[in-house]
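Peer 1: Below is the sequence, then the predicted model.
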Amino acid sequence: MIFPQSPSHDMHTPPSDIQRYRKLFREALRIRLVEEKLIELYPFDKIQSPMHLSIGQEAVAVGVCEALRKEDLLFITYRGHAFYLAKGGDLRLMMAELYGRATGVSKGKAGSMHLAAPSVGVMGASAVVASTLSLAVGAALAHRIQKKDGLSVVCFGDGATEQGTYHESLNFAALYSLPVFFLCENNGLAVHANLAERQSYQIHQHARAYGIESMRLEEGWDFLKVGDAAASIATAIRQDGKPRLLEVITCRYKEHVGPGEDFAAGYRSQADMDAWKAEDALCQDAALIHALRPELDTEIAAAVAFAEASPVPDISELLTDVI
């Protein structure tokens, strides 16, 4: 379900849907405004690491995280700002981390591509494609052995399904019936390589070859539908402890890495993106953006100020936290 106009003006919309829409819209808008601020800051060399922006894909993160509990473990990708924030990661500490400051979530050592917030279940991102899949499966096995509750949720892109560790992870999770929520954010791109050039299979259908139930959602712009699908899958896993896969079709608006556009590369069209934006509530619901933006801008400005006022790491920290 999506409301191109603010649902507060729709007398036929149930109040519960209006409240839920507004809540998820706010979370998604917060993520987008954070990343738009990062784009503004990037040319000044204040961001001390490469960054892969989630702009266009926010609905997946807020919809999925709505279905998760604090104790659920979330393993994210290097395009992880949205999931870090949606799961409850501290914005100030994230901003300081991107600035390379000592007050960052990893003391300024991890940067954008390795965000983590274990206190809220964000177990960390990796710059290596598909590398967190096996970690999520291992965490689920540990939970099973220790008789702990909680799901192990792992996010990955369509390109990750071409890696051996993806297939090994699905096979192991299915073989040992582990509570893993496999989440594929399918934006159809691996850097500049189109999906049609890389894959002869359908991701959600292929997962069934391992005996893993799967679902595909086309409307990845719709955080309510994403939330409903994620809730259905999370509930089923909690009930029987078996792994499942959700494939969500989505769209990244910016280049693979960095703050710019990439249409000049010739591998995708402006028309396709415009069609997606026509469905994107963050592009269409101007009234709600106007209502929510002042508060969010204030929060983001405070996070930037915190980062800029924070100290750089001392030389004594150079070899700490190294295993």
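Peer 2: Great, that's in hand.
Peer 1: would you list every one of the strands in the stretch 201-323 of the chain?
Peer 2: 213-217, 244-249 (DSSP state E, counting those that start in this stretch).
Peer 1: looking at those strands, which is closest to residue 95?
Peer 2: Between residue 95 and these, the tightest spacing by C-beta to C-beta is seen for strand 244-249, at 27.0 Å. C-beta coordinates here come from the backbone N, C-alpha and C atoms, glycine included.
Peer 1: Direction included, what does that closest one pair up with?
Peer 2: strand 180-186 (parallel), strand 213-217 (parallel) (DSSP bridges).
Peer 1: how about those strands in a markdown table, adding mean neighbour count and distance to residue 168?
Peer 2: As requested, the strands paired with strand 244-249 are exported to a markdown table (neighbours: other C-beta atoms under 10 Å; distance: least, C-beta to C-beta, whole Å):
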| stretch | mean neighbour count | distance to residue 168 |
| --- | --- | --- |
| strand 180-186 | 27 | 13 |
| strand 213-217 | 18 | 17 |
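Peer 1: For residue 161, find the nearest of these.
Peer 2: strand 180-186 (6.8 Å).
Peer 1: any idea how far the residue nearest to residue 173 when sequence neighbours are not counted lies from residue 122?
Peer 2: Spatially, and ignoring its direct neighbours in sequence, residue 173 is nearest to residue 243 (4.1 Å; C-beta to C-beta, 6 or more residues apart in numbering). Counting by C-beta to C-beta, to the nearest Å, the gap between residue 243 and residue 122 amounts to 20 Å.
Peer 1: quick one: which of those two has more around it?
Peer 2: Shown here are residue 243 and residue 122; by other C-beta atoms under 10 Å, residue 243 has more neighbours (30 against 24).
Peer 1: tell me the contacts of the more buried one?
Peer 2: For residue 243, the contact set (C-beta atoms under 8 Å, 6 or more residues apart in numbering) comprises 140, 170, 173, 174, 177, 178, 179, 180, 181, 182, 212, 237.
Peer 1: looking at those, which has the most residues close by?
Peer 2: Going by other C-beta under 10 Å, residue 180 tops those with 33 neighbours.
Peer 1: follow-up on the earlier one: kindly reformat the strands paired with strand 244-249 as CSV containing distance to residue 74 and mean pLDDT.
Peer 2: Shown next, in CSV, are the strands paired with strand 244-249 (distance: least, C-beta to C-beta, whole Å; pLDDT from 0 to 100):
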stretch, distance to residue 74, mean pLDDT
strand 180-186, 9, 96
strand 213-217, 19, 97
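Peer 1: Would you format the strands of the stretch 201-323 of the chain as JSON lines with distance to residue 83 included?
Peer 2: Output for those, formatted as JSON lines (distance: least, C-beta to C-beta, whole Å):
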{"stretch": "strand 213-217", "distance to residue 83": "17"}
{"stretch": "strand 244-249", "distance to residue 83": "12"}
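Peer 1: right, so of those, which gets closest to residue 194?
Peer 2: strand 244-249 (13.9 Å).
Peer 1: so where's the stretch 101-250 of the chain uncertain?
Peer 2: Where the stretch 101-250 of the chain drops to pLDDT under 70, the residues are 191-193, 195.
Peer 1: Okay, helices next: where are they in it?
Peer 2: 131-146, 164-175, 203-207, 223-240 (DSSP state H, counting those that start in this stretch).
Peer 1: which residues are in contact with the shortest one?
Peer 2: Applying C-beta under 8 Å, 6+ apart, the contact partners of helix 203-207 are 158, 161, 170, 182, 184, 186, 214, 215, 216, 245, 247.
Peer 1: The second one too?
Peer 2: For helix 164-175, the external contacting residues (C-beta under 8 Å, 6+ apart) are 130-131, 133-134, 136-137, 140, 154, 156, 160, 178, 180, 182, 207, 210-212, 242-243, 245.
Peer 1: One more pass at 6 Å, please.
Peer 2: With contact meaning C-beta atoms under 6 Å, 6 or more residues apart in numbering, helix 164-175 is reached by 130, 133, 134, 137, 160, 180, 210, 211, 212, 243.
Peer 1: Report the angle between it and strand 180-186.
Peer 2: Counting by axes from the mean of the first three to the mean of the last three C-alpha atoms, to 10 degrees, helix 164-175 lies at 140 degrees to strand 180-186.
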